[in-house]
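**Q** dropping the sequence and predicted coords here.
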Amino acid sequence: MNKKILIVDDDPRNIFALKLTLKARGYVVETCTMAQEAFDILNTDHDFSVILMDMMMPGIDGYEAVRIIRNTPGIQDIPVIAVTAQAMPEDRQKCMEVGANDYISKPIDVDLLLTAIEKLS
């Protein structure tokens, strides 16, 4: 399988839990805590199956990060799953409008996340 997933989240606990869960299921996982770091990784490695993007981060938030990814040749087609604690219907809509392919609310339901990843990768 060896699908690669990039986790972008400013909370190390979220990264730790997600990384553990995904690695246990055979995914190759890279992580970073800031959008700019994600851009640096993606500019050198386009080989990600999915990006899990936390939408609420300091600096460049997930909404702006997804917009930038969608407008960057070479990485614009990598599927992005928006991950956010904001769980209102309008939050999902906002994520989809900036270019996210799917949306998962926190706390993350692992089965929903795995289904979303499989659907997109």
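**A** Happy to help now that I have it.
**Q** tell me which residue lies nearest the centroid of the protein.
**A** In the chain, the C-alpha nearest the mean C-alpha coordinate belongs to residue 52, at 1.4 Å (CA atoms, centre = their mean).
**Q** three-state assignment of it?
**A** Three-state call for residue 52 (DSSP: H, G, I helix; E, B strand; the rest coil): strand.
**Q** give me the beta-bridge partners of it?
**A** residue 7, residue 81 (DSSP bridges).
**Q** OK, contacts around it?
**A** Neighbouring residues of residue 52 by CB atoms under 8 Å, 6 or more residues apart in numbering: 5, 6, 7, 8, 9, 18, 81, 83, 104, 113. For glycine as for every other residue, the C-beta is placed from the backbone atoms N, C-alpha and C.
**Q** residue 114 - nearest residue in space that isn't next to it in sequence?
**A** residue 25 (6.8 Å; CB to CB, 6 or more residues apart in numbering).
**Q** strands of this structure, residue ranges please.
**A** Remark: strands assigned in the chain by DSSP state E are 4-8, 28-32, 50-54, 80-84, 102-105.
**Q** return the most buried member of those strands.
**A** Highest mean neighbour count among the strands of the chain (mean count of other CB atoms under 10 Å): strand 50-54, with a mean of 26.
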